[in-house]
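1. need a structure here:
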Amino acid sequence: MLRFGWLLFAGLFSVLQAVPAVAAEWTVSGAVLERGARRPLPGVQVSVQGHPSISALSDAKGQFHLDLPAAGTYSLIAVLPGMGNPVSIEVKLAQGAASPAPVFYLRVPETLGEMVVTAQRAPERVSKSVISGKTLRQLAGSSGDPLRGLQSLPGVATVNGSSAPAVRGSGPGDNAYYVDDLYIGKLFHYGAISVFNADLIEGFDLYAAAFSPHYGNVTGAVIDVALREPRKDRLGGKVNVNLMGADFLVEGPQGENQSFYFAARRSYIDLLIKEIEQDGVTVQIPNYWDYQGKYLWQLNEANRLSLHLHGAADSLKLNIAASSETAQMEPVLAGDSSLSDENSMQGMVLDTIVSDTAFNMLALERTYRRSSSRIGTAGELTFTQENLILREQTRMDISDGHELSLGVEFINARVKINADYKNAPCTQFEPNCDLTTATRKQLTDDFTSNAWSLSLQDRKRVLEGVTLVGGVRRSAENYLRRDYTEPRVGIEWEWSRDMLLTAGWGRHNQMPTGEQVVRQFGNPRLGHIRADHSVVGIAQKVNADWNWKTEAYYKKFGNLVISDPLLNYINAASGKAYGLELLIKKEETDRLSGWFVLNLARSSRRNDVTGEAFRFQYDQPVNTTLVGAYKLSEAWSFGMKWNYHSGTPYTPILGTSGTYPDGRPIPVYAGVNSGTLPVYHRLDLRVDRNYVFDRWKLSTYFELNNVYQRKNVVGYSYDPSYTRRDPVYAFVLPISFGVLGEF
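-> Sure thing, here's the model as predicted:
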């Protein structure tokens, strides 16, 4: 009997095992998001306390689904894979009540190593520096503006009152600026602040010498800025307020394959402080505004279209009293003066995967610039230029280690000029430039010009670890009627897994500035400025924490422009620059990071007519920068930057000799740039404090600039009789702060 009962029980059990399980009565659906940013977190395990068999993983959209067996109260637990600090949420299930939709907000630790010079957007490695926008955004003394940190990089000289870099014996005006493969004409406002929302700058490449033939019309350096892509998970925004201005950013998806962002900014100091007056000069506080927009559309697997908008403007007004020393030295400056500058750009870039080995980029853009100035009684000038630019570049992988790229570019420019002012042709070669005695001229002109170029670059690995780079650029323009062929060569030798040797040489040309080539005020028969770049370098990765790089370079300049009494300007000067640079860097692999830069350089210019040679105006034989950052926790970090450079040159005034027709004394100058200013050094400190809430973030920073209050001399001013000389000190805001809210 007992045996029969056992067999009956076993049979019933087997039957029950064969019956499908009854579906759970409740399904709980929720989401797992990053705390603060609300980005979806896939692959997060969500489990039920006390029910080890019930769990789920969040999907690509951060969503999860749990089947629960009965009504009651459950504790759900979510934890990142490999991380601690689980988060729990209690849910209650009851008959007739709506099913809860719990949302977990998990704190994601910041990824280390973003300072690492990584992820090359272009394969070139000769004389190239790459750094992330986030690293420079948190640099002490930057006021949260990444591009203000350019002057802390190798080969870059400190320029007082500007963030535009002077690189390896070239001036700020000798550089070319690109943003997302598009030309950008204005990168900095009058106040040395960059024209881009700091949060949008993902990083940039700085090419200091012998760069690719796909870059043209530049003899200095190339700054290639990359803006990040819009977020694609949800609509979000940011609001930023700092000492100088305020800005906002809105971004998000537009359907499954489209996304956008738009940012705008305006200064507000001019709304709080209307004007300042000193020594008879009244200045209305300058104001600026800018905006940026990007729209991405993934058309299909092979084609992506991006639309770009950009605009920026500055304005400044001042009044110089007739009784002021400034007006006594230059009477035409007395009265009201105003300056304004406005730039805009609209562009379209189509990136296409032609095949597994061929890629194409087609860019079409329109740029517009309008500048106007009125200087006392010296005159007025209005200048507008509209450019239509077509660029195409194709890259083909011929074989493993062999890449060929072709580029073509066409620029149509329309220029309008309305000028009525005193013309005093002046360059770096002439110290005395008296505007009052200059001849007044008029010009109303409207003309178009065209420029085109073809470029070719071939990169081929010829031996194990050895890559040869060869290229050529052919360019022409019909305004000055000039054409140029410019070869570029380079070598990249991977001596070992952690050591790289590089060398490069390139020939470059650049059109003179607008006022130097326009008729009546300039010389339409000028030639382009020429420069030959030579560079050798060695870089080594010591370990995951430390690496170093050193480069030696030589630049030779020709066809530089000087003033001429008959033709206004002529090509009759030359120059050279050479130096040695050292970079030692501690990566962000732990709490401490930073870098040390040492630049040893000399740069000079020569007037080929008179034979006079002198130091270049940005010559700084010794320039060193030490940057450090310490991350105390996810919430707190501290930074410092110390810069030292030897005194820059200036041209002293020795006295006077005779008078102008109006009775003013004529100053007698020493040799051009024959004087040297005192050495410059400055220490900046910064503290960052970040707050992370479930649905938003708050980031704050505070900076102490020029901590030990060094009075750095940047020049000298003279009284109207040129018998008294007073130092002019660098203007530095003692503090800076910012508050950024991300929603």
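
2. ok, residue 139 - contacts?
-> By C-beta atoms under 8 Å, 6 or more residues apart in numbering, the contact list for residue 139 reads 146, 148, 149, 152, 627, 639, 641, 686. Using the backbone N, CA and C atoms, a C-beta is placed for each residue, glycine as well.

3. now with 7 Å?
-> When the contact criterion is C-beta atoms under 7 Å, 6 or more residues apart in numbering, the partners of residue 139 are 149, 152, 627, 639, 641.

4. over to residue 391?
-> Shown in contact with residue 391 (C-beta under 7 Å, 6+ apart): 363, 409.

5. what of residue 190?
-> Remark: with contacts taken as C-beta under 7 Å, 6+ apart, residue 190 is in contact with 286, 288, 314, 316.

6. just the buried residues from those residues, in PyMOL please.
-> The buried residues among those can be selected in PyMOL (16 or more other C-beta atoms under 10 Å) with this line:
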select buried, resi 286+288+314+316
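
7. most surrounded residue in the contacts of residue 139?
-> Ranked by neighbour count under the definition other C-beta atoms under 10 Å, the contacts of residue 139 are headed by residue 627 with 26 neighbours.

8. A helix includes that residue, no?
-> No: under DSSP: H, G, I helix; E, B strand; the rest coil, residue 627 sits outside any helix and is assigned strand.

9. touching, it and residue 597? I think so.
-> No: Residue 627 sits out of contact with residue 597 when judged by C-beta atoms under 7 Å, with a separation of 8.1 Å.

10. give me the common contacts of those two.
-> Joint contacts of residue 627 and residue 597 (C-beta under 7 Å, 6+ apart) are residue 152.

11. the stretch 501-650 of the chain: helices as residue ranges?
-> Using DSSP state H, counting those that start in this stretch, the helices of the stretch 501-650 of the chain run over residues 514-517.

12. same check on the chain?
-> 2-18, 133-137, 269-272, 325-329, 514-517 (DSSP state H).

13. show me what the third one is packed against.
-> This points to helix 269-272. Packing contacts for helix 269-272, counted by 3 or more C-beta pairs under 7 Å, 6 or more residues apart in numbering; DSSP states H and E, involve strand 281-298.

14. ok, the strand it packs on: who's next to it in the sheet?
-> For strand 281-298, the paired strands and their directions (DSSP bridges) read strand 258-267 (antiparallel), strand 275-278 (antiparallel), strand 303-320 (antiparallel).

15. could you give the mean pLDDT of the longest one?
-> The reference is to strand 303-320. Per-residue pLDDT values over strand 303-320 give a mean of 95.

16. do the same with stretch 248-263
-> 95.

17. ok, and what's touching it?
-> So stretch 248-263 is in contact with 197, 199-200, 230-232, 234-239, 247, 264, 291-298, going by C-beta under 7 Å, 6+ apart.

18. just stretch 657-664 next, same as before
-> With C-beta under 7 Å, 6+ apart as the test, stretch 657-664 has contacts from 331, 437, 665, 666, 668.

19. ok, stretch 160-175 next?
-> Counting by C-beta under 7 Å, 6+ apart, 147-148, 150-151, 155-157, 159, 187-188, 192, 194, 208-209, 218-221, 223, 510, 513, 553, 555, 577, 579, 601, 603, 616, 618, 714, 730 sit against stretch 160-175.

20. flag every buried residue along it.
-> Buried residues in stretch 160-175, counted by 16+ other C-beta under 10 Å: 160, 163-172, 174-175.

21. do the same with stretch 266-286
-> Judged by neighbour count using 16+ other C-beta under 10 Å, the buried positions of stretch 266-286 are 267, 270, 280, 281, 282, 284, 285, 286.

22. report the contact partners of the closest residue to the first one other than its chain neighbours.
-> Right, residue 267. The spatially closest residue to residue 267, leaving aside those adjacent along the chain, is residue 245, at 4.0 Å (C-beta to C-beta, 6 or more residues apart in numbering). Neighbouring residues of residue 245 by C-beta under 7 Å, 6+ apart: 265, 266, 267, 268.

23. give me the distance between residue 245 and residue 471.
-> In this structure, residue 245 and residue 471 are separated by 42 Å, where distance is defined by C-beta to C-beta, to the nearest Å.

24. residue 274 too?
-> For residue 274, the distance to residue 471 (C-beta to C-beta) stands at 54 Å.

25. check the burial of the residue lying closest to residue 281 once chain neighbours are set aside by counting its neighbours.
-> By the measure of C-beta to C-beta, 6+ apart, the closest residue to residue 281 outside its immediate chain neighbours is residue 320, 5.4 Å from it. Using other C-beta under 10 Å, residue 320 has 24 other residues around it.

26. if we can go back for a sec, can you redo the buried residues of stretch 160-175 as TSV with distance to residue 450 and pLDDT?
-> As requested, these are arranged in TSV below (distance: C-beta to C-beta, whole Å; pLDDT from 0 to 100):
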residue	distance to residue 450	pLDDT
160	38	80
163	33	76
164	28	83
165	30	87
166	31	92
167	29	94
168	31	94
169	31	94
170	27	94
171	27	92
172	27	90
174	23	94
175	23	93
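
27. strands - which of the residues you listed land there?
-> With strands taken from DSSP state E, the overlap with the buried residues of stretch 160-175 comprises 166, 167.

28. follow-up on the earlier one: what is the nearest of the contacts of residue 139 to residue 517?
-> Taking C-beta to C-beta as the measure, residue 517 lies nearest residue 149 of those, at 33.6 Å.

29. so what's that closest one up against?
-> Taking C-beta under 7 Å, 6+ apart, we find residue 149 in contact with 136, 139, 142.

30. got CSV for those residues, with pLDDT and distance to residue 75 too?
-> Formatted as CSV, the entries for the contacts of residue 149 read as follows, by pLDDT from 0 to 100; distance: C-beta to C-beta, whole Å:
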residue, pLDDT, distance to residue 75
136, 84, 45
139, 92, 45
142, 88, 46
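
31. what would these look like in CSV with distance to residue 364?
-> Rendered in CSV, the data for the contacts of residue 149 read as follows (distance: C-beta to C-beta, whole Å):
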residue, distance to residue 364
136, 30
139, 35
142, 34
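
32. quick check, nearest of those to residue 722?
-> Each of the contacts of residue 149 was checked against residue 722 using C-beta to C-beta; the closest is residue 142, at 38.8 Å.

33. check the closest residue to the closest one other than its chain neighbours and give its pLDDT.
-> On the basis of C-beta to C-beta, 6+ apart, the spatially nearest residue to residue 142 that is not a chain neighbour turns out to be residue 148, at 4.5 Å. Among the per-residue scores, residue 148 shows a pLDDT of 83.
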